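A.B. asks: build me a model from this:
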Amino acid sequence: MEEQFEKRLMDLANQARMKDIILYTNFLNLNELHIFHSNSQKFSFIKWKISGGYDFSERQIVAFIPDAFSFYEEEISFPISVLKIQPCNVHFSDSLTHRDYLGAVLNLEINRNQIGDILVDKTDAFLFCKTSVKDLICQELCRVRHTTVYAKEVDRKTFDIPLKKEKIKGSVSSVRLDAVIAQVFPGSRSSLTAMIQSGKVFVNGKMIVSNGYHLKEKDIISVRSMGRFQYMGESGTTKKGRILIELEKYS
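C.D. replies: Numbers count the residues shown, from 1 in each chain. All right, here's what the predicted structure looks like:
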């Protein structure tokens with residue numbers, strides 16, 4: 001499975017180089033991003049860029065950029081659209097979750113790899129998707145659970161991303177992955193270690209299976225089914241020599 005995915009990426013990169021055009025992947029999940037980052041040296045023959053539509057996105061698209069476009073790399077636009085999904089009548093709307101919105105979109109027979117992150121904000125949601133499916137969603141999505149809704153495209157460059165950040169401060173004996181995760185998510189040291197070793201933790205899109213992995217400032221940590229946060233760095237030490245750290249948890 002991993003080899004097949006890697007082969008598809010390589011085929012896409014080679015096509016971009018030979019045809020001298022920019023080619024894009026679909027949205028990649030954390031496992032797929034890990035495979036890409038782990039093999040990024042194999043794509044050294046071509047430039048690439050990655051985006052999920054906003055900073056700190058979890059699901060992302062890779063763009064393979066041939067030499068002819070290398071001078072315009074910063075201006076490259078990804079085929080990502082943002083849709084705002086909102087209830088037709090707020091007073092009669094359910095309390096909807098990420099799972100509810102995703103399920104409703106997938107019921108339109110849209111493949112999961114066409115859908116990026118979904119950010120839920122009170123009664124609304126912002127859905128990142130491939131531009132090729134935006135019209136279908138806007139035309140066909142009319143209900144999420146028992147709530148009648150409508151979807152419309154918003155300007156990705158100007159809208160305010162409803163990404164809530166919770167600042168967390170703590171102290172650790174060392175900036176090890178397991179020690180830092182324990183500051184954010186509940187659980188015993190052994191359960192967190194097992195979670196890391198089972199491949200459920202990603203740092204900057206790359207799977208990390210060593211609980212002793214040392215984090216660097218600005219690293220983004222994603223823990224499957226639990227959430228993600230950013231390690232902001234050290235802020236000092238305690239009298240007992242413990243390291244004071246600062247984190248930002250996304251919700």
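A.B. asks: which residues in the protein form strands?
C.D. replies: Taking DSSP state E, the strands of the chain run over residues 23-24, 47-51, 61-65, 80-87, 115-121, 124-130, 143-144, 147-154, 165-172, 201-203, 206-207, 220-223, 227-237, 243-250.
A.B. asks: tell me which of these lies nearest to residue 9.
C.D. replies: Counting by Cβ to Cβ, residue 9 lies closest to strand 61-65 out of those; the figure is 7.4 Å. All C-beta spots, glycine's among them, are computed from the backbone N, C-alpha and C.
A.B. asks: in that closest one, what's buried?
C.D. replies: By neighbour count on 16 or more other Cβ atoms under 10 Å, the buried set for strand 61-65 is 61-65.
A.B. asks: before we move on, what about stretch 27-35?
C.D. replies: So for stretch 27-35, counting by 16+ other Cβ under 10 Å, buried means 27-28, 30-35.
A.B. asks: try stretch 172-181
C.D. replies: Neighbour counts using 16+ other Cβ under 10 Å place 172, 175-181 of stretch 172-181 among the buried residues.
A.B. asks: run the chain-centre distance for it.
C.D. replies: Distance of stretch 172-181 from the chain centroid (Cα atoms, centre = their mean, to the nearest Å) equals 23 Å.
A.B. asks: how far does it stretch from start to finish?
C.D. replies: 10 Å (Cα to Cα, to the nearest Å).
A.B. asks: then stretch 156-167?
C.D. replies: Start-to-end, stretch 156-167 (Cα to Cα) is 26 Å.
A.B. asks: kindly report the same for stretch 86-93.
C.D. replies: Span of stretch 86-93 from end to end, Cα to Cα: 9 Å.
A.B. asks: who's in contact with the closest residue in space to residue 52 that isn't next to it in sequence?
C.D. replies: Once flanking residues are discounted, residue 52 sits nearest to residue 60: 3.9 Å by Cβ to Cβ, 6 or more residues apart in numbering. Applying Cβ atoms under 8 Å, 6 or more residues apart in numbering to residue 60 gives the contacts 27-28, 33, 50-52, 116, 205.
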